[in-house]
Every structure is written in structure tokens, then in C-alpha cells.
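>>> using only what follows, build the 3D model:
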Amino acid sequence: MSMTSNKMNRRRVLSQIASLGAVGATIGLAGCSTLKAPKLPPAPQLNKLPPFVQIIDLLSGRNKVSTEEHIRLSALPITHPDRAKEFNKIWRRISRDTNSIPISDKRLRIDADGTLFGGENISEQNFFIRAAAETLKAGHDGFVVVHLDYFSPGPDLLKLVPDMNFSSRRWIGNYEDFLDNRNEQNMFSSRGKVEKKGLDGVIYMLNADDHPNRSRFSANEIYNNLINYRAH
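This is a model prediction of the structure:
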């Protein structure tokens with residue numbers, strides 16, 4: 001992919017994040033300081049009709065999408081304007097289950113709730129999508145995870161074994177290191193339980209010329225890849 005194409009793709013992502021208000025677009029995209037706490041992403045109003053009216057519409061076929069239209073939309077990335085309703089629905093869930101707290105000018109604390117009854121790796125995906133979106137919103141190119149803890153979802157009274165965490169690696173800049181760190185911190189949990197745990201971490205946002213010889217997550221790649229994966 002050419003440099004021009006990458007710039008156009010990044011510009012479209014930034015424009016979408018700002019216009020949809022998915023991650024608190026009240027803070028400027030360029031040159032903003034993370035010292036001011038961004039507002040939580042608002043839950044989009046997907047449909048203001050009462051639930052029973054929505055059910056009637058669904059049964060009557062008034063909201064039914066034609067097969068041709070479904071095929072056309074499925075071929076588009078979730079970030080395309082024609083799929084705005086689907087995108088808002090995904091972000092509604094992400095904003096409900098994650099939180100972003102500014103720690104310093106380039107550090108953010110990202111929390112992602114666990115999934116007691118949901119699918120596996122959802123909290124992990126939410127963590128990375130929120131981290132990538134906040135990084136892009138702040139005008140940075142990438143990020144690394146400098147601390148990460150795991151916790152089991154649900155009330156403490158339901159936990160037979162307390163959460164046990166080991167010291168986190170101080171620089172997690174690729175997915176392989178992330179998986180290694182997860183295995184180290186969850187030696188006493190089965191894989192299924194680990195993949196449903198919540199994540200509480202700190203990310204350090206980077207520009208292209210910051211620590212050029214060290215690994216880092218590309219915010220643009222993480223955001224686009226995971227948000228489209230969630231759409232399937």
C-alpha cells in the first residue's frame with residue numbers, strides 16, 4: 001500500500017472518529033492534550049421507537065434489508081458511511097464496556113470489562129480498539145502497553161479463587177508479546193477463563209520518531225482491523 005493511500009486511509013479514520021463522536025469528539029484531534037479527561041463516548045440513539053414498535057416493524061418486514069443490499073454492504077468496510085448504523089451499534093457496546101482515563105500527556109489508563117457470559121476475547125478486542133481510537137484522536141501514530149492486569153468479571157463474592165497477577169512487562173509493542181504476557185499473568189487459569197477476563201492497563205502513545213527502534217502497535221492498523229473483525 002502506498003504512502004498516499006495510507007495517509008488517505010488514516011484521514012478517513014480520523015474524520016469518522018470525530019464526526020460520529022464515538023470516542024468523545026469534543027476534544028480536538030490535532031495537538032490536543034490528554035491532561036483534560038475526554039468524555040465517555042455517547043451511546044448512539046439507534047432507534048427511538050419503543051421496543052414493541054421495533055418488534056412489529058421487524059415482523060412486518062419494514063426493516064428488512066434486501067439480499068442484494070446486504071451483499072453490497074457486507075463488501076464495504078464497517079467504517080464506510082453506508083454502514084454507519086452498524087458502526088454505531090459496535091461503538092455503543094465498546095463505549096459501554098471500556099473506559100479511558102488520562103494519566104499524563106502521553107499515557108492513558110484503559111479499562112475493559114470482562115465477559116462473564118459473552119464470547120471469548122471480547123474484552124481484549126475492546127481494550128485494543130479503545131486504545132487505538134484514543135491514540136488516533138490524540139494525533140499519535142502508535143502505542144505500547146506499559147502495564148497490564150487481568151481481573152475476573154462478576155462480583156467478588158462469586159469468585160472462589162482471587163485474581164492473581166504477576167508483574168507486567170514494561171513494553172508490550174506487538175501481539176506476540178501481549179500473548180506471552182497474558183500467559184505469564186494467568187498461569188493458574190484455563191485458556192477459556194483467561195479469554196473472558198477484563199483488562200486494566202496503561203498505554204503510552206508514540207509518534208513515528210519516538211523510540212524508532214522499538215516495537216509498537218500501529219493505531220491505524222489495530223483500529224481498522226479489529227473494528228472490521230467485530231463487524232463480521
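>>> pLDDT of the strand or helix carrying residue 131, averaged?
Here residue 131, judged by DSSP states H and E, is contained in helix 122-137. Over the span of helix 122-137, the pLDDT mean works out to 95.
>>> so, low pLDDT: which residues of this protein?
Low-confidence segments of the chain (pLDDT under 70): 1-65, 116-119, 154-169, 186-192.
>>> how about the contacts made by residue 182?
Contact analysis of residue 182 by C-beta atoms under 8 Å, 6 or more residues apart in numbering lists 150, 194. All C-beta spots, glycine's among them, are computed from the backbone N, C-alpha and C.
>>> meant to ask about residue 151
By C-beta under 8 Å, 6+ apart, the neighbours of residue 151 are 114, 163, 197-198, 200.
>>> any idea how far it is from residue 73?
Taking C-beta to C-beta, to the nearest Å as the measure, residue 151 falls 37 Å from residue 73.
>>> and for residue 205?
To residue 73, residue 205 is 33 Å away according to C-beta to C-beta.
>>> residue 124 too?
Separation of residue 124 from residue 73 (C-beta to C-beta): 27 Å.
>>> okay, these two: which has more neighbours?
Neighbour totals were compared for residue 124 and residue 73, and residue 124 leads with 22 against 16 (other C-beta atoms under 10 Å).
>>> I'd say the more buried one and residue 112 touch.
Yes - the criterion here is C-beta atoms under 8 Å, and residue 124 meets it with residue 112 at 7.4 Å.
>>> which residues do these two both contact?
Joint contacts of residue 124 and residue 112 (C-beta under 8 Å, 6+ apart) are residue 199.
>>> if we can go back for a sec, which SSE is immediately downstream of the helix holding residue 131?
Per DSSP H and E, the first helix or strand lying C-terminal to helix 122-137 is strand 142-151.
>>> between strand 142-151 and the following helix or strand past that next one, find me the angle.
Next along the chain after strand 142-151, taking DSSP H and E as the criterion, comes helix 175-185. For helix 175-185 against strand 142-151, the angle by axes from the mean of the first three to the mean of the last three C-alpha atoms, to 10 degrees is 20 degrees.
>>> buried ones in helix 175-185?
178, 181-182, 185 (16 or more other C-beta atoms under 10 Å).
>>> could you dump that helix to CSV, C-alpha only?
Below are the C-alpha coordinates for helix 175-185, written out as CSV (Å, rounded to 0.1, in the frame of the first residue of the first chain):
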residue,chain,number,x,y,z
TYR,A,175,0.7,-9.1,19.7
GLU,A,176,3.2,-11.9,20.4
ASP,A,177,4.5,-10.1,23.5
PHE,A,178,0.9,-9.5,24.5
LEU,A,179,0.1,-13.2,24.4
ASP,A,180,3.3,-14.1,26.2
ASN,A,181,2.4,-11.6,28.9
ARG,A,182,-1.1,-13.0,29.2
ASN,A,183,0.2,-16.5,29.7
GLU,A,184,2.6,-15.3,32.3
GLN,A,185,-0.1,-13.5,34.3
